[in-house]
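*Asks:* structure for the following, please:
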Amino acid sequence: MKRALKWSVRVVVVLAALLLLVLLATLTTVNHTPYRDVPAWRETSACLEQLRAATNVVLGELRAGFGRVKLTPALGAERDEPDQGCFRAVPLAGYGARQGRHRLPASIRTCG
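*Replies:* Numbering: from 1, shown residues only. From the prediction side, this is the model:
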């Protein structure tokens, strides 16, 4: 029992020492230099300014909108009409025992 306890303590000490070495090797001080004073920022800013001058960028008002549409397809049509969202059937491969066969559940609305 004493021998197992000694080995356990040694393993814990070695692991703690390795962790301390890793922390000491990877930790560094914090750089408090403002980002506008860093040369990389100035170079990037100059490159972006050149790109803006070289491209046809239009600055102005941005307009956005939204809409509402029903995405559920209607099943049971005489022929497939994707533009109207009407289909004869939809294959449901990968769900249970369906194995890619077309099925038309009775509860689905149909095209008239």
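*Asks:* what comes up buried for the helix or strand where residue 49 lies?
*Replies:* Under the criterion of DSSP states H and E, residue 49 resides in helix 39-54. Across helix 39-54, burial judged by 16 or more other CB atoms under 10 Å covers no residue at all. Quick note: C-beta positions are derived from backbone N, CA and C, even for glycine.
*Asks:* strands paired with the very next helix or strand once past that helix, and their directions?
*Replies:* Following helix 39-54 in sequence order, the next helix or strand is strand 74-75 (DSSP H and E). With DSSP bridges as the test, strand 74-75 is paired with strand 86-87 (parallel).
*Asks:* what's the spacing between the partner strand and its chain's center?
*Replies:* Centre-to-centre, strand 86-87 and its host chain are 32 Å apart (CA atoms, centre = their mean, to the nearest Å).
*Asks:* and the residue lying closest to residue 78 once chain neighbours are set aside, how far is that from residue 77?
*Replies:* Among residues not flanking residue 78 along the chain, residue 88 sits closest, at 7.5 Å (CB to CB, 6 or more residues apart in numbering). Using CB to CB, to the nearest Å, residue 88 is found at 6 Å from residue 77.
*Asks:* which of the two has more residues huddled nearby?
*Replies:* Using other CB atoms under 10 Å as the criterion, residue 88 and residue 77 rank with residue 77 on top: 17 against 14.
*Asks:* and the more buried one, which of the three is it?
*Replies:* coil (DSSP: H, G, I helix; E, B strand; the rest coil).
*Asks:* test my guess that it contacts residue 87.
*Replies:* Yes. Counting by CB atoms under 8 Å, residue 77 does reach residue 87; the two are 6.1 Å apart.
*Asks:* name the residues of the helix ranked longest in the chain that are buried.
*Replies:* If you go by DSSP state H, the chain has its longest helix at helix 2-26. Within helix 2-26, no residue is scored as buried using 16+ other CB under 10 Å.
*Asks:* beta partners of residue 81?
*Replies:* residue 86.
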